[in-house]
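Peer 1: no sequence for this one, just the structure:
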Ligand SMILES: C[S@@+](CC[C@H](N)C(=O)[O-])C[C@H]1O[C@@H](n2cnc3c(N)ncnc32)[C@H](O)[C@@H]1O
């Protein structure tokens with residue numbers, strides 16, 4: 001019996017993002033959530049969906065403005081953290097769903113705003129995830145997302161992981177979502193008023209090695225890479241050297257600066 005490679009990929013994603021403690025990384029995605037929610041124009045009257053919510057930073061930011069919020073993620077361990085974080089914020093009315101960006105469990109035209117921060121970019125079939133996000137969005141509603149450009153720090157780190165631990169053949173790289181040309185082509189004629197903006201995510205670090213060790217401890221894709229190379233010490237050392245070199249290019253004033261891309265559009 002052949003195993004469906006797409007489902008196999010998603011099972012692995014679910015395991016990967018449950019590794020380490022993404023909640024500690026989400027300290028650094030929290031300011032981006034503030035930027036994305038403002039950029040999307042979220043208001044208290046809106047029904048908002050956050051796809052790939054993780055520990056819920058975007059969902060909770062939208063709820064802080066009074067919006068009616070739903071957060072969806074593939075990884076139950078992160079949704080549990082999202083629920084705890086929402087309780088700390090005093091919110092018991094965010095609807096958390098375990099689910100897949102490629103098969104959203106909501107009727108057509110359910111939301112005024114559909115958001116994703118470094119989330120839907122990890123779905124293996126971009127056209128399927130995007131058509132689902134647009135399907136559940138009301139005509140005239142806003143789709144907005146944050147993604148990593150391939151030429152910036154995180155994109156280059158993903159490339160280094162792929163160089164040493166090749167990903168499954170045939171799936172597009174998630175950082176294609178950080179390319180304005182690709183994003184414009186994917187959104188195509190289904191939207192109007194397409195707009196982009198860039199921002200900087202700032203992560204304090206004394207040296208590249210400090211941040212690389214933090215990533216290796218906290219973030220699934222980095223933990224997986226180290227695991228895959230653990231029986232090849234020379235290659236692991238080479239990978240770490242290359243990672244530190246790249247990180248060093250973005251470190252100044254004891255802060256690593258990551259550039260991200262925001263996209264916003266209105267559904268026709
Ligand atoms: C880098 S984390 C971002 C989490 C959060 N949005 C943030 O900015 O802190 C990526 C998230 O996407 C989720 N994810 C990956 N593939 C997904 C899919 N196909 N459907 C829904 N969520 C997915 C992962 O479980 C993980 O929580």
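Peer 2: Arrived safely, thanks for sending. The structure displayed is predicted, hence computed values, not measured ones.
Peer 1: tally of neighbours for residue 204?
Peer 2: 12 (other CB atoms under 10 Å). Backbone N, C-alpha and C define where each C-beta goes, glycine included.
Peer 1: how much space between it and residue 266?
Peer 2: For residue 204, the distance to residue 266 (CB to CB, to the nearest Å) stands at 37 Å.
Peer 1: what does residue 80 give?
Peer 2: Distance of residue 80 to residue 266, computed by CB to CB: 34 Å.
Peer 1: do residue 222 as well
Peer 2: 36 Å.
Peer 1: so those two - more neighbours on which side?
Peer 2: Set residue 222 next to residue 266 and count neighbours by other CB under 10 Å: residue 222 wins out with 23 against 16.
Peer 1: chain neighbours aside, what residue packs nearest to the residue of the stretch 1-150 of the chain at minimum distance from the ligand?
Peer 2: Nearest to the ligand in the stretch 1-150 of the chain, going by CB to the nearest ligand atom, is residue 54, at a distance of 2.5 Å. Closest residue in space to residue 54, ignoring its immediate chain neighbours: residue 78 at 4.8 Å, by CB to CB, 6 or more residues apart in numbering.
Peer 1: do the helix or strand bottoming out on mean pLDDT in the chain and the ligand meet?
Peer 2: Ranked by mean pLDDT, DSSP states H and E, the weakest helix or strand in the chain is helix 5-18, scoring a mean of 95. Yes: counting by CB under 6 Å from any ligand atom, the ligand has neighbours in helix 5-18: 10, 13, 17.
Peer 1: tell me the helix or strand right after that helix.
Peer 2: helix 22-39 (DSSP states H and E).
Peer 1: is that following helix anywhere near the ligand?
Peer 2: Yes: under the criterion of CB under 6 Å from any ligand atom, the ligand is reached by helix 22-39 at 26, 29.
Peer 1: what helices or strands is that helix leaning on?
Peer 2: helix 57-64, helix 76-88, strand 111-117, strand 137-147, strand 191-204, helix 208-218, strand 255-267 (3 or more CB pairs under 8 Å, 6 or more residues apart in numbering; DSSP states H and E).
Peer 1: what angle separates that helix from helix 5-18?
Peer 2: 100 degrees (axes from the mean of the first three to the mean of the last three CA atoms, to 10 degrees).
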